[in-house]
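Participant: Only the shape, not the letters, is given here:
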């Protein structure tokens, strides 16, 4: 009964209100009904709906009374968002200070990353030596955000000490008569160079110790030698290392991944060379390994060495001459760079018996 009386009173008072206010209120109610009638489980407002209520708020003084499906604070928030968008558009840059070159920005960021202990003045001085201009504010602006204190990475730490580390390991090669030959390889970590190798059918601690002397004559011995826990490294071997001033570092039992460089070398020797030939005797195996190590040092590229070989190999462009083929290790192919017109040429693909090497020759 009270609801009916209240509705009748509002109807009577509406006769006293201006017609334009009634029309705007009617428009607001109709708009909300249209929103509720949209085919969606929950009414979704669009940009045109928000714009309608922002405009209606300005021209209708009783706009709050007509709201049903959302709160007045929502309309006020729409108006504030429109205000920010308007002034963002009005304050858009029209010229002003020229931006920095993208290459300079990338160089500044690179300097921050690779030199975490540097400051803005140091980078400013380095840029000045390169003929580049930038203010300290610009340098600080492009400093990478990092919560860690400045410190070198583990990769940098290992690279700094790689020159003092060597590693050795044995691997077994069976012959055609099922005789076992033991190959010892000694490798340095700095450039992955094989400094010494030898073959025997009866390895002993004394023989292994003599190979260390042959690998590091005079004062070329490294500070650390990485090896596994094989029983072949007996007391004679340990005493020889102590006499040469070499500290041996033993890996954990059954953990070849702790000696990765020499293990990867042994795997490469097997995959790229020994798995493709039949060994008859020790002399033949020595010749095969000598040929492979020449290829390994001068030709084979390593991703960890910036895609270069242990002995740095110069870049040769195709305009130096024609592509010619030079066999290595009895099947590994070295290609001299030249015209690339023969798409079906077997020298450009990985062969069943070996691989290819491009090289320029006049």
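Facilitator: Okay, I see it. Every value quoted in this text rests on a predicted model; they were computed, and no experiment measured them.
Participant: Walking through the stretch 101-250 of the chain, point out its helices one by one.
Facilitator: Using DSSP state H, counting those that start in this stretch, the helices of the stretch 101-250 of the chain run over 102-114, 120-129, 136-141, 154-161, 205-215, 235-244.
Participant: Can you spell out which helices and strands pack onto the last one?
Facilitator: It refers to helix 235-244. When contacts are defined as 3 or more CB pairs under 8 Å, 6 or more residues apart in numbering; DSSP states H and E, helix 235-244 packs onto helix 205-215, strand 247-250. Glycine gets a C-beta too; all of them are placed from N, C-alpha and C.
Participant: one more time with 7 Å, if that's ok
Facilitator: Under the contact definition 3 or more CB pairs under 7 Å, 6 or more residues apart in numbering; DSSP states H and E, helix 235-244 sits against helix 205-215.
Participant: And for the third one?
Facilitator: Of the remaining helices and strands, those touching helix 136-141 by 3+ CB pairs under 7 Å, 6+ apart are helix 120-129.
Participant: Now tell me what touches the helix it packs on from outside.
Facilitator: If you take CB atoms under 7 Å, 6 or more residues apart in numbering as the criterion, helix 120-129 is touched by 108, 111, 134, 136, 139-140.
Participant: Turn these into JSON lines, including distance to residue 322, pLDDT and neighbour count.
Facilitator: Listed next are these as JSON lines, based on distance: CB to CB, whole Å; pLDDT from 0 to 100; neighbours: other CB atoms under 10 Å:
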{"residue": "108", "distance to residue 322": "45", "pLDDT": "90", "neighbour count": "25"}
{"residue": "111", "distance to residue 322": "43", "pLDDT": "89", "neighbour count": "17"}
{"residue": "134", "distance to residue 322": "48", "pLDDT": "87", "neighbour count": "20"}
{"residue": "136", "distance to residue 322": "55", "pLDDT": "89", "neighbour count": "12"}
{"residue": "139", "distance to residue 322": "50", "pLDDT": "89", "neighbour count": "21"}
{"residue": "140", "distance to residue 322": "54", "pLDDT": "89", "neighbour count": "13"}
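Participant: Farthest-apart pair in the residues you listed, please.
Facilitator: 111 and 136 (13.1 Å; CB to CB).
Participant: quick one: which of the contacts of helix 120-129 is nearest to residue 290?
Facilitator: Of all those, residue 111 has the smallest distance to residue 290: 45.0 Å, by CB to CB.
Participant: For that closest one, give its distance to residue 140.
Facilitator: 12 Å (CB to CB, to the nearest Å).
Participant: And for residue 49?
Facilitator: With CB to CB as the criterion, residue 49 and residue 140 are 45 Å apart.
Participant: The stretch 251-362 of the chain: strands as residue ranges?
Facilitator: For the stretch 251-362 of the chain, the strands defined by DSSP state E, counting those that start in this stretch cover 325-328, 332-337, 358-360.
Participant: do the same with the stretch 51-200 of the chain
Facilitator: Under DSSP E, counting those that start in this stretch, the stretch 51-200 of the chain gives strands at 165-174, 180-188, 194-200.
Participant: Is it possible to get JSON lines of those strands that adds mean neighbour count?
Facilitator: As requested, these are arranged in JSON lines below (neighbours: other CB atoms under 10 Å):
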{"stretch": "strand 165-174", "mean neighbour count": "18"}
{"stretch": "strand 180-188", "mean neighbour count": "20"}
{"stretch": "strand 194-200", "mean neighbour count": "17"}
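Participant: Mind checking these for the one nearest to residue 242?
Facilitator: Of all the strands of the stretch 51-200 of the chain, strand 165-174 comes closest under CB to CB, at 15.6 Å.
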